[in-house]
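**Student:** fold the following for me, if possible:
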Amino acid sequence: SKSMDDAMKQMATLQGAGGSQSAAIQAMMGQMLAKAFGSSSMPTLGSILSGRPSTIVSPGTNVRDAAIKMTESRKSALIVDEGELVGIFGFKDCMGRCVAKELPLELTDISSVMTPNPETVTPETTVLEAMQIMHDQKFLTLPVVAQNGHVIGVVDVMDIINGCGGSEGWRSLFDNTMEMADDFSDTGSMHSMQSASRSVRTSRTSRTVATVPKKVDRPVSKLRPKKPLIGSSSDSVLSIVQMLCKKRGDAALLTGPGGGLVGILTDTDVTRRLVAKHLDAASTSSSAIMTPNPKFVSMEDSAMDALTCMIENHFRHLPVVDSSGAVVALLDIAKCLNDALSILEKSNSKNSKSMDDA
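**Tutor:** Predicted coordinates for the structure are as follows:
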């Protein structure tokens, strides 16, 4: 495509001028995401956070109170002491370091369970630079602090994706990286010849909500969804969160008596619907705080439609089921984005080698 050709030319120019791989990859992403921005400039983290609430607490704040503030802002907590950022406490931290370990939440200072001295970025950082940093460092969140030390807020993967406008630019990025992946794979041509209908369903109705034939499409399996962590909706929240922590997960897919998908339970749900509501993890059923009847896709459905569904609905996770309705995988938008950047790096290295050999 023309956007890919332009991106490769810009990448080559950057490398020829001694630019870094990060700069080259950001140039490629910028070309692919151009549709999302139109004539606007690349958004900065400062512009994304402008006017949005943040969760700033002191080191002596207890976990329960912090969780209530996190629920109100839907943001990780930033721990500030005398104007200086000293730590960060996320939803996964609340679930894993506190709920799973059955700590007394009102008696536990957040300073004892936070991640101390997190790396920060400035509000002038662009979304592309932030994506690269999060990919390279395997971060899910980035605190934003002005050069004078003023704590502005925190961005996560969903902020980055949603801050880049509509889904068109992201469709271009993912479509191009899947095309690159095809070039690396002997089975790529077979995948690209497959066609699929647009198909995103809900677990309540199991119906197709849209059907639009597409000439060339790639299946959800091309996105390499991760192995699901499955529990029963009748299990206690404590049982589910301890399972998630043991397996280092952040979302469980919950099944009903018949074995079918009935809900999804994430680290965010645990903070917002359990901790902030003063519920007890051991005596609360997972069904009481799960998100019921989540949308889902199958391995054969359109990868682009699945990604578009996640982006437009602000979903971090999307379950994948087989033809019988059994849960087989889980799409994670953060993993999809991380994989896309890894493919760009691989393509960049391959292109650099080709230039060196020429």
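**Student:** average pLDDT for stretch 235-254?
**Tutor:** The average pLDDT within stretch 235-254 is 97.
**Student:** in it, what counts as buried?
**Tutor:** Neighbour-count burial for stretch 235-254 flags 235-245, 249-254 (criterion: 16 or more other C-beta atoms under 10 Å). Bear in mind the C-beta positions are built from the backbone N, C-alpha and C, glycine included.
**Student:** just the ones of the residues you listed in strands?
**Tutor:** Cross-referencing the buried residues of stretch 235-254 against strands under DSSP state E gives A251, A252, L253, L254.
**Student:** the residue positioned nearest the centre of the chain and F296, how far apart?
**Tutor:** Closest residue to the average C-alpha location of the chain: A334 at 2.9 Å, with C-alpha atoms, centre = their mean. A334 sits 18 Å away from F296 when distances are taken as C-beta to C-beta, to the nearest Å.
**Student:** same deal with T108?
**Tutor:** 36 Å.
**Student:** next one: E129
**Tutor:** For E129 relative to F296 (C-beta to C-beta), the value is 34 Å.
**Student:** between those two, who's got more neighbours?
**Tutor:** F296 (24 against 18; other C-beta atoms under 10 Å).
**Student:** beta partners for that one?
**Tutor:** F296 forms beta bridges with R201, as assigned by DSSP bridges.
**Student:** one more: T266?
**Tutor:** Bridge pairing for T266 (DSSP bridges) gives the partners A251.
**Student:** ok, now which ones touch it?
**Tutor:** T266 is in contact with F91, D250, A251, A252, T291, R316, H317, counting by C-beta atoms under 8 Å, 6 or more residues apart in numbering.
**Student:** list the contacts for the fifth one?
**Tutor:** When contacts are counted by C-beta under 8 Å, 6+ apart, T291 touches G263, I264, L265, T266, D269.
**Student:** same question, the fourth one
**Tutor:** With contacts taken as C-beta under 8 Å, 6+ apart, A252 has the following neighbours: L229, I230, G231, I240, M243, L244, I264, L265, T266, S286.
**Student:** nearest to D156, of these?
**Tutor:** T266 (12.8 Å; C-beta to C-beta).
**Student:** for L330, see how far away the closest one is.
**Tutor:** To L330, T266 is 11 Å away according to C-beta to C-beta.
**Student:** find residues that contact each of the two.
**Tutor:** Common contacts of T266 and L330, defined by C-beta under 8 Å, 6+ apart, comprise A251, H317.
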